[in-house]
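Asks: With the input below, show me the fold.
(one chain, ligands or ions: 2)
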Amino acid sequence: MKTIVVKYGGAAMEDLPLCVEVAGEIVKLSKGNRVVVVHGGGKEVTAFLNRLGVESKFIDGLRYTDEETLQVAEMFYSGTINKKIASLIQAHGAKAVGISGRDGKLARIKRVPNLGFVGEICSISTELIETLLGASYIPVISPISEEDNGQPVNVNGDEMARAVAESLKADLLVYLSDVDGLLISGKVIPKLLASEIKELVSGPEVTGGMIPKLNSALSALENGVGKVVFLNGTKPERLGQVLSSKELIGTAISLS
Ligand code: ADP
Ligand code: MG
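Replies: Numbering: from 1, shown residues only. Ligands and ions are numbered 1, 2, ... in the order given. Below is the predicted model of the structure:
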């Protein structure tokens, strides 16, 4: 039995038939494995903020979060998206519970400077996650968390996924996004070593949302996660192949 953390993000979340397929693959993966889902949903937040006339601002792939953005982010992440994913998993016959970093004192955070209400994870309490896994529920985690004084904060989904994976010493952390993997000069890099990440992140080929993804992968591998794989969530069958397939799909990152 393997412990697998799936970070579900990207454009694959916006298209309902694709969401249904992804949920089906998650359920298949959960047969015989411990599966935890962490999700993003940034694109839906951006679209809704646009409707309100609020512009989204990103710094190195992280969303600048003022009070209004925080409210919308929590509504979408911990409400709409979290419940939708849990519900779709249940539609495939498994049991799922949607929670956020605020529930059960799941996440302790510290504020990231200059980004408004944005936190990074200092530690994860695995108690609630283990309780749910122990009772055969698939935990579905929204990254919105809170400070010790109860102030909600936005946390990047990739950051939450790496923190959860580290806390569970996961065998595998899968980032499902909307690209086939890490692209360099337009080509997917099938295999990457953790030691190559720092240079890539400071170079010109890696921008936007790929920055937190690679930084999260590096931290995860340095802190006991077995392997990190970047996959395209718009090709959901790849999630099912990730454990069994001999050929490499997406970008597989390991320590050595
Ligand atoms: P997610 O919701 O999966 O976190 P993001 O938009 O935050 O999605 O991150 C994925 C995006 O990172 C891709 O859609 C792509 O535009 C961008 N990106 C930047 N540099 C790269 C790269 N070298 N390879 C692949 N994607 C990259
Ligand atoms: Mg992202």
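
Asks: Now do the helices in this protein.
Replies: All helices of the chain, identified by DSSP state H, fall at 16-30, 42-51, 67-74, 82-91, 127-134, 157-168, 197-202, 210-222, 237-241.

Asks: between those, which one is nearest to Ile253?
Replies: helix 210-222 (5.1 Å; Cβ to Cβ). The way it works is simple: take the backbone N, C-alpha and C, and place the C-beta from them, glycine included.

Asks: Which residue is it, in the chain, that comes closest to ligand 1?
Replies: Relative to ligand 1, the nearest point of the chain is Gly209 (2.0 Å; Cβ to the nearest ligand atom).

Asks: That residue contacts Ser177, doesn't it?
Replies: Yes. The pair Gly209 / Ser177 is scored as a contact, 7.4 Å apart, by Cβ atoms under 8 Å.

Asks: related to what we said a few turns ago, would you mind finding the most buried of the helices of the chain?
Replies: Mean neighbours per residue, mean count of other Cβ atoms under 10 Å, is largest over the helices of the chain for helix 157-168, with a mean of 28.

Asks: The residue of the chain closest to ligand 1 - how many residues pack around it?
Replies: Using other Cβ atoms under 10 Å as the criterion, Gly209 is surrounded by 23 other residues.

Asks: got the contact list for it?
Replies: 42, 61, 158, 177 (Cβ atoms under 8 Å, 6 or more residues apart in numbering).

Asks: switch to 10 Å and redo it
Replies: 9-10, 40, 42-43, 58, 60-63, 156-158, 177-179 (Cβ atoms under 10 Å, 6 or more residues apart in numbering).

Asks: mind saving the C-alpha coords of stretch 149-165 as PDB?
Replies: Output of stretch 149-165 as PDB, limited to C-alpha atoms (Å, rounded to 0.1, in the frame of the first residue of the first chain):
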ATOM      1  CA  ASN A 149      -5.300  34.100  15.900                       C
ATOM      2  CA  GLY A 150      -7.900  32.800  13.400                       C
ATOM      3  CA  GLN A 151      -7.000  35.100  10.600                       C
ATOM      4  CA  PRO A 152      -7.600  33.200   7.300                       C
ATOM      5  CA  VAL A 153      -4.700  33.100   4.800                       C
ATOM      6  CA  ASN A 154      -4.300  32.000   1.300                       C
ATOM      7  CA  VAL A 155      -1.800  29.200   0.700                       C
ATOM      8  CA  ASN A 156      -0.600  28.100  -2.800                       C
ATOM      9  CA  GLY A 157      -2.000  24.700  -3.600                       C
ATOM     10  CA  ASP A 158       1.400  23.300  -4.500                       C
ATOM     11  CA  GLU A 159       2.800  24.500  -1.200                       C
ATOM     12  CA  MET A 160      -0.100  22.700   0.700                       C
ATOM     13  CA  ALA A 161       0.400  19.600  -1.300                       C
ATOM     14  CA  ARG A 162       4.100  19.400  -0.600                       C
ATOM     15  CA  ALA A 163       3.500  20.000   3.200                       C
ATOM     16  CA  VAL A 164       0.900  17.300   3.300                       C
ATOM     17  CA  ALA A 165       3.100  14.900   1.400                       C
END
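
Asks: change the start of the numbering to 39 and stick with it
Replies: Will do, 39 is the new start, and the previous item becomes stretch 187-203.

Asks: same question for it, mean pLDDT?
Replies: Stretch 187-203 carries an average pLDDT of 97.

Asks: returning to what we had before: which among the helices of the chain is found nearest to Gly142?
Replies: Among those, if distance is taken as Cβ to Cβ, the winner is helix 165-172, at 3.4 Å.

Asks: just checking, what packs against that closest one?
Replies: Contacting helix 165-172 under the criterion 3 or more Cβ pairs under 10 Å, 6 or more residues apart in numbering; DSSP states H and E are the following elements: strand 72-77, strand 133-138, strand 175-180, helix 195-206.
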